[in-house]
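# quick one: sequence plus predicted model below, questions after.
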Amino acid sequence: MEFILFLSKIDKEIIELINKTNHSIEENTALCLMNKKYAGFFKRKEKVIVICTNNAKVLGGYRKDERYDNHKTNINIRRALRHEATHLVQSCNNNKPTGVIKNIEDKIHEGKLKALNSSVQLSGNYEKELEAYVMEDKPRKVKEILKSYCL
């Protein structure tokens with residue numbers, strides 16, 4: 001799976017934990033073609049996280065050149081993994097937000113509000129999406145809640 005090339009050490013540890021929960025990860029499925037602005041999905045009933053590497057590369061301006069820094073693509077893929085892993089944790093929590101972040105509305109970056117609203121239209125759950133967007137930038141916290149809620 002190509003997306004692994006873009007991950008940090010802690011994100012690879014998140015993948016190991018996801019595998020221990022009997023969930024799997026797929027890449028660039030047909031679901032990714034639904035809308036190019038999405039870098040990931042969580043299919044709760046199928047116990048599958050989908051990472052849309054091709055979409056994340058386009059969104060991040062990826063260039064196949066060793067001298068070019070693909071930082072935005074790295075961030076897009078890492079955030080997608082953490083976001084969808086948070087939805088997995090919510091699934092382990094009776095399909096509810098965990099509430100691990102206090103004053104959560106104060107914690108979301110203003111630049112993520114448009115994406116949040118788009119995700120809410122798709123999922124229909126503001127609280128779960130808000131938590132997942134905040135957790136995108138908290139890999140250690142994602143790892144912690146995966147352990148405490150799902151293992």
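Done, it's in.

# helices and strands of the chain: which one has the lowest mean pLDDT?
The least trusted helix or strand in the chain, going by mean pLDDT, DSSP states H and E, turns out to be helix 104-107, with a mean of 79.

# which secondary structure elements does that one sit against?
For helix 104-107, the packing partners by 3 or more Cβ pairs under 8 Å, 6 or more residues apart in numbering; DSSP states H and E come out as helix 126-135. Using the backbone N, CA and C atoms, a C-beta is placed for each residue, glycine as well.

# check the offset of the helix it packs on from the chain's centre.
Computed by Cα atoms, centre = their mean, to the nearest Å, the separation of helix 126-135 from the middle of its chain amounts to 10 Å.

# output whatever helix or strand comes next after that helix as CSV, restricted to C-alpha atoms.
Next along the chain after helix 126-135, taking DSSP states H and E as the criterion, comes helix 139-150. Only the C-alpha atoms of helix 139-150 are listed here, as CSV (Å, rounded to 0.1, in the frame of the first residue of the first chain):
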residue,chain,number,x,y,z
PRO,A,139,-1.5,11.2,16.7
ARG,A,140,-0.5,10.3,20.3
LYS,A,141,-4.0,10.9,21.5
VAL,A,142,-5.4,8.7,18.6
LYS,A,143,-3.1,5.9,19.6
GLU,A,144,-4.1,6.3,23.3
ILE,A,145,-7.9,6.2,22.6
LEU,A,146,-7.5,3.2,20.2
LYS,A,147,-5.9,1.3,23.0
SER,A,148,-8.3,2.3,25.7
TYR,A,149,-11.6,2.0,23.7
CYS,A,150,-10.9,-0.8,21.3
